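Asker: Quick one, what's the 3D model for this:
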Amino acid sequence: GDLLTLSVPSEGFLRAETVDGVPLKRYYLFDGLDEIPPQLLSRAVQEIRDLLNANPHSSALATCRQAFYEHRREALQLEWHEYYILPFDSEQIDEFVTLGEVPLNTFHDDVRQLDLAGSMGNPLILSSLVAAYQTDGRLPSTRTQAVSRQIDKILGARPPVKPTLLRCALRLIALAMEIN
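Answerer: Residues are numbered from 1 along each chain as shown. Okay, here's the model as predicted:
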């Protein structure tokens, strides 16, 4: 579809240059570029470019997974500033664990036993281990059990999808937990 007409319901507002006499500056958010079907990606990128060129005083923010972006950086050819989400630092990790009402020292001891201390900055891994601790009062005894638990949780929360897509997504989770 046409991004311009999909972005706001009112045609008059879409074409307005001012609001109550004040110059209008538009901000666009394109969340999940990596969720655009591959066959539509170049068209979507062109529509984004056209939209921004038609509104030279506008600003935009696009989000996507880092691996997707790195693999398609040249194809996207978006001349934007790049920002990368940093992992949690030790204070943020401790705050997250504490807010989850998990005993901090015991949690860190269990994480060291699993050799996952270096992975705690990853919000997905941290949240899955905190959830496991909240449910069981302890962490799984092996990394494999931790990965398996997260996979089971994801499978239970998602509608059925193609097995090949599911396997690919689950491999990424397992890889993130094993590499970090």
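Asker: Now the spatially most central residue of the chain: closest residue in space, sequence neighbours ignored.
Answerer: A centroid search over the chain (Cα atoms, centre = their mean) returns residue 65, at 5.9 Å, as the residue closest to the centre. Nearest residue to residue 65, sequence neighbours excluded (Cβ to Cβ, 6 or more residues apart in numbering): residue 34, at 4.8 Å. Glycine gets a C-beta too; all of them are placed from N, C-alpha and C.
Asker: Check residue 110 too.
Answerer: Sequence neighbours aside, residue 139 is the residue nearest to residue 110 in space, at 4.1 Å (criterion: Cβ to Cβ, 6+ apart).
Asker: ok, now which ones touch the residue nearest to residue 65?
Answerer: Contacts for residue 34 (Cβ atoms under 8 Å, 6 or more residues apart in numbering) come out as 64, 65, 68, 69.
Asker: Type out the ChimeraX command that picks the buried ones from those.
Answerer: This is how ChimeraX selects the buried members of the contacts of residue 34, with burial counted by 16 or more other Cβ atoms under 10 Å:
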select :64,68,69
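Asker: Distance to residue 41 and secondary structure for the contacts of residue 34 - can I get that in a markdown table?
Answerer: As requested, the contacts of residue 34 are exported to a markdown table (distance: Cβ to Cβ, whole Å; DSSP: H, G, I helix; E, B strand; the rest coil):
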| residue | distance to residue 41 | secondary structure |
| --- | --- | --- |
| 64 | 10 | coil |
| 65 | 14 | coil |
| 68 | 10 | helix |
| 69 | 12 | helix |
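Asker: now, the most widely separated pair of the contacts of residue 34?
Answerer: Farthest pair in the contacts of residue 34 (Cβ to Cβ) is 65 and 69. Separation: 7.0 Å.
Asker: my read: the residue nearest to residue 110 touches residue 132, true?
Answerer: Yes. Under the criterion of Cβ atoms under 8 Å, residue 139 makes contact with residue 132 at 5.8 Å.
Asker: Need the residues touching each of the two.
Answerer: Taking Cβ under 8 Å, 6+ apart as the contact rule, residue 139 and residue 132 both touch residue 146.
Asker: can you map out the strands along this protein?
Answerer: Along the chain, counting by DSSP state E, strands occupy 18-19, 22-23, 27-31, 59-63.
Asker: As JSON lines, those strands with mean pLDDT and distance to residue 115 would be great.
Answerer: What follows is the strands of the chain, written out as JSON lines (pLDDT from 0 to 100; distance: least, Cβ to Cβ, whole Å):
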{"stretch": "strand 18-19", "mean pLDDT": "72", "distance to residue 115": "56"}
{"stretch": "strand 22-23", "mean pLDDT": "76", "distance to residue 115": "56"}
{"stretch": "strand 27-31", "mean pLDDT": "86", "distance to residue 115": "34"}
{"stretch": "strand 59-63", "mean pLDDT": "86", "distance to residue 115": "31"}
